[in-house]
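Asks: Generate coordinates for the sequence data below:
(chains A, B and C)
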Amino acid sequence: MSWTKKILRVNLTKGTCTSEPLNMDWAYKYIGQRGLATKYLIEEIDPRVDPLSPDNKLIFATGPLTGTAASTSARYSVITKGPLTGAIACSNSGGYFGAELKSAGWDMIILEGKAAGPVYLHIENDQASLLDASPLWGTSTWHTEEWIKNTHQDPMMRVASVGIAAENGVLYSAVVNDLHRAAGRSGVGTVMASKNLKAVCVRGTLGIGVRDPKAFMEAATKAKKVLAENAVTSVGLPTHGTQVLMNVINEVGALPTRNAADVQFEGASDISAEAMREVRRTDGKTNLIANQACFGCTIACGRVSKIDQTHYTIVNKPEYWHASGGLEYEAAWALGAATGVNDLEALTYANFICNEQAIDPITFGATLGAAMELYEDGLITDEETGGVKLNIGSAEALTTMVELTGKAEGFGKVLGLGSKRLCEKYGKPELSMSVKGLEFPAYDPRGIQGIGLNYATSNRGACHVRGYTVASEILGIPEKTDPLVTDGKAGLVKAFQDATAAVDSAGICLFTTFAWSLEDIAPQVDAACDGEWTVETMLEAGERIWNMERQFNLAAGFTGKDDTLPKRLLKDAAKTGPAKGLVSGLDKMLPEYYQVRGWSTDGVPTADTLGRLGL
Amino acid sequence: MHHVIIGTGPAGVSAAETLRRLNPGSKITMIGGEGEVPYSRMAIPYVLDGGIKEQGTHLRQDKGHYERLDIEVLAGPVTRIDAQHKLVELLGGSAVNYDKLLIAAGASPVKPPVPGLDLPGVHHCWTLGDMRVIEELAQSGEDVVLMGAGFIGSIILEALKKRGVNLTVVELGDRMVPRMLDETAGGLLKQWCIGHGVDVLTDTGIDRVEPDGERLSVHLTSGASLSARLLVVAAGVKPNTGFLTGSGIKVGRGIVVDAHQQTSLPDIYAAGDIVESHDISTGEVSVMAIQPVVVDHARVAATNMAGFKARYEGALAMNVLDTLGLITTSFGLWHGTGSGEQAMSLDAENYKYLRLEFDGDHLVGAQSLGLPEHVGVLRGLIQSRIDLGPWKQRLMANPHQLAAAYVACTNGVC
Amino acid sequence: MQKALAIDAGKCTGCKQCELACSFEHEGIFNVVRSRIRVFIFEEEARFVPYTCTQCDQAWCMQVCPVGAITSDPMSGVKSVNAATCVGCKVCTIACPFGTINYNAGSGKVEKCDLCGGDPACARECPTDAITFIDAGLAGYAKMQDWAARTDTAPQAAS
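Replies: All right, here's what the predicted structure looks like:
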């Protein structure tokens, strides 16, 4: 407890599903979910494997707190070698799927090989089998979920699936569960589809026990109180979602705009949380309908929206008139600021399509932003786009291209490559706003220096949720640091990265850390699990996990030279706002970072470091 | 005011308790027919299967329940009602006067006209007395034949099987529980029973029973014969209206009552298995010997007897059965209207079946097999005649969303 | 004054903390399918509706129980199942038009909301006050009780 201590191994080539015991020695070292699944992956695959070959593996993993009464216990992760990056990929999702998987008695599912034809994995507690998914191939995640629930005549079944994009090789396809929650980044869905695996559906009725129920409930209740008394987690996030950041980040001059040509977007307020709550002149309704929680979450930041039925995108498409997942901050930024589009309804529509077809809106939006720049520079022609004008700021371009990318048709196929490959194709690699092939999200390293170091060093490529120094640099959590300076950021980044690795491995949501520290989390893990879980042991596990991921990347062919940022961020100064005149000071932070990490000057963990961490 | 109740089954006891609540000062007398503490026939199988002791069948478990409520319990049975003099006569000649009378004398098992059913070793499973005999005879390993796989037969089936007997069930119909389940569900249930080691012979009758020393030779219409230590007859029940002959109380299929549960005579009411009910699904009149109907009768009758007004709006047929762990239910017009739409979900391999029958926008009937939870909403959906709106189509696609449909329609999520 | 669960679905976010709390309270583990309160989630309408027994006056479950295993507490109005007496006949599960009393094949008994003996775990753990435990007269049961009345074939006298 509170691991189920069971792994489901599915060999798609052979069509077998077998149960095996969890390696508890590893569990004590890597906690669960992100850490533990990465350990399994690293032990089982060649780091140089082609991510889309049958030799790559894909792991769905829960954490020890997943499915318990700990707040935000919804989480599961999908771990694999990513096709967009070639680096370790770990994408984390909420909704109801993860808790259901855990309640079916599984800590993780290891998927290996490749099925001869389309299949889906059906799990009902300890029974697992691969079933024919031919009728589902070529259909969306929304259709897939409905089809599976109807076919199994079980409305309570939870489904995680891939869309048409993944089947057709869009490199940043997500795994979408519960209609609008996603393991979004790095193309984990593309790997899933490459195995001819359309969906995983699960029904779990076994429940989850904890080591010391009384102590656990005390710790969980106390921690929930901390969330309830914190302004961000009790008011900000439920009211505005992560979108609370749109106007804030724009004001601090750190909103990457038009492929990071600018750091402020004049249309930010049009696509902000506040705009989502405004009554539309067209139909007298608001974009935002409700906030929705994931399983066990007492924060409930999830947005649920309805698109204006008179909007051009859906006026003739009643199938999109229902409520569905609305804009989170990163999606609103990527689909909006990164492309210069300020039409909230168009963004919401694009977001619906990203969920329906399971594509990562961050990479899609950033890639479209790059393509728009290439188009305006005359490098992409109307002929290539099928006549669609890819002008910066064009809502029509956004909504047409999201449809094409979702189905990997026309120019959508090219956009499906991601910005790195797309910009290389047009001879402008420097226009890709990515690190290690993964597009960076909604914080500009010129205006928030620490996040730049985090982007450069994040193991899955540029990523905010691997070391969210924005919390400190902008929001003052746990304490305020100056976003415009580089001093002290190496240590800050390391601290955030290590703690985050522990949180991501525990089965809970990173957003708790707006209010929680490991002081709040460790007692919950400790009461739930065997072993000794303190702030210290969790932090050490986090650092161990970080270094393990780093070692995988090094073995996969990455070097310290890949710990960098797009040239635009390093050379072109911010034009406006508080950071006006600044570029990213990565060169000042990176050597210090290697030092605090206990890595060599070229970014390789030293023997001492590895020894200290038991690697 | 003296309320007299003939019968100490669920209807009698419910009525007595309602009367005590509404008429605190009245005198209440219940007259039983078997000389037992008021008990529930429904619970008998659970004594047979060892789940409870005999005391567990008692309708009320607290000691001194009737004394505390000041309800007098007399041994009967009642042999005659004299409405003119407002009295009832008991076996042995004594009489009890009443101001208001409730007839809740229940029903008795039917003994079909098959030669040999009077032999020792042939028993109903209806009374606690029957049960004690069956407990004696149905020992583990004994050969037992059960005549009838209707609703009651199927409950007894489980109890007998759990006692470890070699059980053969003989049913005239083409499937199990034909009055409650359609071919699919009844067929699945048969298959389930066979899979659990019970011989189920459908489309088969018993031709005659002959003695064979201490045993019985049970000759079937198929020509085969079975040797058995015990034959349990569960071939249906009929209302105990015999003692009403000459009383002036109108009897059809059961006692005829109005919407206040009053019989054709003033101050005489009736409730329970002895009464005809208006079936809200079919619009027809029939005797519905099921617990929910029985207690509703009792409450309405008692309320009127106590001087308050209450109407009975009619009965919804509903049944639930657990046969060796497979739960089946049926509600209302489970076989459909003939012209309405239906939704069906069948997973034969896993013994799951759900059939919904609609009339326009309303659910009018349902049956389920292997459906674990929230089955009660089927009653809610049918009896409240809930307008399903968009949920009808959703239920057509996946009938298992019925609880969601109920919650949605009653919470304005349409 | 009797207290009752008041459910304001408009405040519910669908987090299922109530289900977790209920299953933990009654079963000692976290298992939402064993919860006696259930949150129905209507994705297309973005509505989340917590749903459980209202301890209704009609108490069909109690009325039909053939062995008196369901009793009503005169002080609190709670209808609770005495597991020792319940024979598992399931008649209550079809009689309750709300479907809020269910059979547990594991125990062979039926189970329903018992308000945790006066301190309902669901209300305690609800983070948004969608579920509160308040004076019965104020509880938002009115709507469900309307539906109860529509099912009631045997209305009680004014008493």
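
Asks: CA atoms for contacts and neighbours, from now on please.
Replies: Fine.

Asks: Show me the helices in chain B, by range?
Replies: B:10-22, B:44-48, B:65-68, B:128-137, B:151-162, B:183-195, B:291-305, B:376-383, B:390-397, B:402-410 (DSSP state H).

Asks: From the rest of the structure, what touches the longest one?
Replies: Applying CA atoms under 8 Å, 6 or more residues apart in numbering or on different chains, the set of residues contacting helix B:291-305 from outside is B:3, B:10-12, B:14-16, B:18-19, B:22, B:100, B:102, B:260-262, B:267, B:269-273, B:309-312, B:315-316, C:60, C:63-64, C:66, C:91, C:95, C:153-157.

Asks: When you filter those residues down to buried only, what's left?
Replies: B:3, B:10-12, B:14-16, B:18-19, B:22, B:100, B:102, B:260-262, B:267, B:269-273, B:309-312, B:315-316, C:60, C:63-64, C:66, C:91, C:95, C:153-157 (16 or more other CA atoms under 10 Å in any protein chain shown).

Asks: Distance-wise, check A:Pro238 relative to A:Phe352.
Replies: 20 Å (CA to CA, to the nearest Å).

Asks: helix, strand or coil for the spatially most central residue of chain C?
Replies: What sits nearest the mean C-alpha location of chain C, by CA atoms, centre = their mean, is C:Cys53, with 2.0 Å. Put simply, C:Cys53 is coil when judged by DSSP: H, G, I helix; E, B strand; the rest coil.

Asks: What pLDDT does the model give it?
Replies: Looking at C:Cys53, its pLDDT reads 94.

Asks: Tell me where chain C is predicted with low confidence.
Replies: C:1, C:137-159 (pLDDT under 70).

Asks: one more time with 80, if that's ok
Replies: C:1-2, C:136-159 (pLDDT under 80).

Asks: How about chain A?
Replies: Using pLDDT under 80, chain A drops low at A:1.

Asks: mind listing the helices for the stretch 351-500 of chain A?
Replies: Secondary structure of the stretch 351-500 of chain A (DSSP state H, counting those that start in this stretch): helices at A:361-376, A:382-385, A:395-406, A:411-415, A:419-425, A:449-457, A:470-473, A:489-506.

Asks: got the domain boundaries for chain A?
Replies: A:6-203, A:257-432, A:445-612 (automatic domain parsing).

Asks: So is the last one next to chain C?
Replies: To tie it back to what came earlier, the one meant is domain A:445-612. No: no part of domain A:445-612 sits near chain C under the criterion CA under 8 Å from any CA of the partner chain; the closest distance found is 11.3 Å.

Asks: gap between the two ends of that domain?
Replies: 32 Å.

Asks: A:Gly393 contacts A:Asn342, correct?
Replies: Yes: applying CA atoms under 8 Å as the test, A:Gly393 and A:Asn342 come out as touching, 7.2 Å apart.

Asks: Which one's more surrounded, those two?
Replies: Between A:Gly393 and A:Asn342, counting by other CA atoms under 10 Å in any protein chain shown, A:Asn342 is the more crowded of the two (24 against 20).

Asks: In terms of helices and strands, where is A:Gly138?
Replies: Per DSSP states H and E: A:Gly138 is located in neither a helix nor a strand.

Asks: List phi and psi for it.
Replies: phi 90, psi 10 (degrees, to the nearest 10).

Asks: ok, now C:Val39?
Replies: phi -100, psi 120.

Asks: Contacts only, for it.
Replies: C:Gly14, C:Lys16, C:Glu19, C:Phe48, C:Val49, C:Pro50, C:Tyr51.

Asks: if we go to 6 Å?
Replies: C:Val49, C:Pro50, C:Tyr51 (CA atoms under 6 Å, 6 or more residues apart in numbering or on different chains).

Asks: Return the member of these nearest to chain A.
Replies: C:Val49 (12.1 Å; CA to the nearest CA).

Asks: Do I have it right that that closest one meets C:Ala9?
Replies: Yes: C:Val49 is within contact range of C:Ala9, at 4.9 Å (criterion: CA atoms under 6 Å).

Asks: B:Ile28 - how many residues pack around it?
Replies: 24.

Asks: so who does it touch?
Replies: B:Ile28 neighbours (CA under 6 Å, 6+ apart): B:His2, B:His3, B:Val4, B:Ile71.

Asks: ok, what's across the strand from the closest residue in space to the last one that isn't next to it in sequence?
Replies: Right, B:Ile71. If the residues on either side of it in the chain are set aside, B:Ile71 comes closest to B:Ile28, at 5.2 Å by CA to CA, 6 or more residues apart in numbering or on different chains. Beta-bridge pairing of B:Ile28 under DSSP bridges involves B:His3, B:Ile71.

Asks: residue contacts, whatever residue of the stretch 151-300 of chain A ends up closest to chain C?
Replies: Taking CA to the nearest CA, chain C has its nearest neighbour within the stretch 151-300 of chain A at A:Gly207, 4.0 Å off. Taking CA under 6 Å, 6+ apart, we find A:Gly207 in contact with A:Ser103, C:Phe30, C:Asn31.

Asks: with the residues you listed in mind, which one is nearest to chain B?
Replies: C:Asn31 (15.0 Å).

Asks: For the residue nearest to the centre of chain C, list the residues it contacts.
Replies: With CA under 6 Å, 6+ apart, C:Cys53 has these contacts: C:Thr100, C:Cys113.

Asks: 10 Å instead, please
Replies: C:5, C:36-37, C:59, C:78-79, C:96, C:98-101, C:112-115, C:144 (CA atoms under 10 Å, 6 or more residues apart in numbering or on different chains).

Asks: Pick the one among the residues you listed closest to A:Pro605.
Replies: C:Ile37 (51.3 Å; CA to CA).

Asks: Against chain B, how distant is that closest one?
Replies: 11 Å (CA to the nearest CA, to the nearest Å).

Asks: neighbours around that residue, how many?
Replies: 23.

Asks: Enumerate every residue touching it.
Replies: Here C:Ile37 is in contact with C:16, C:18-23, C:50-53, C:100, C:112-113, C:122 (CA under 10 Å, 6+ apart).

Asks: Out of those residues, grab the one that's most surrounded.
Replies: C:Leu20 (31 neighbours).

Asks: So B:Val407 is in contact with C:Pro50, correct?
Replies: Yes: because the distance of 9.3 Å satisfies CA atoms under 10 Å, B:Val407 is recorded as touching C:Pro50.

Asks: picking that back up, would you mind saying which of the helices of chain B lies nearest A:Ala268?
Replies: Closest among those, using CA to CA: helix B:402-410, at 37.7 Å.

Asks: which residues sit against that closest one?
Replies: Here helix B:402-410 has contacts from A:155, B:356, B:373-378, B:380-381, B:386-392, B:394-395, B:399, B:411, B:413-414, C:39-42, C:47-51, C:97-100, C:143-144, C:146-147, using CA under 10 Å, 6+ apart.

Asks: list the helices and strands the lengthiest helix in chain A packs on?
Replies: As assigned by DSSP H, the longest helix anywhere in chain A is helix A:535-556. In terms of contacts (3 or more CA pairs under 10 Å, 6 or more residues apart in numbering or on different chains; DSSP states H and E), helix A:535-556 is packed against helix A:24-30, helix A:33-44, strand A:76-81, strand A:88-93, helix A:489-506, helix A:518-528, helix A:586-597, helix A:607-612.

Asks: which parts of the stretch 201-350 of chain B sit against chain C?
Replies: B:260, B:290-301, B:303-304, B:306-316, B:318-322, B:325-327, B:329-331 (CA under 10 Å from any CA of the partner chain).
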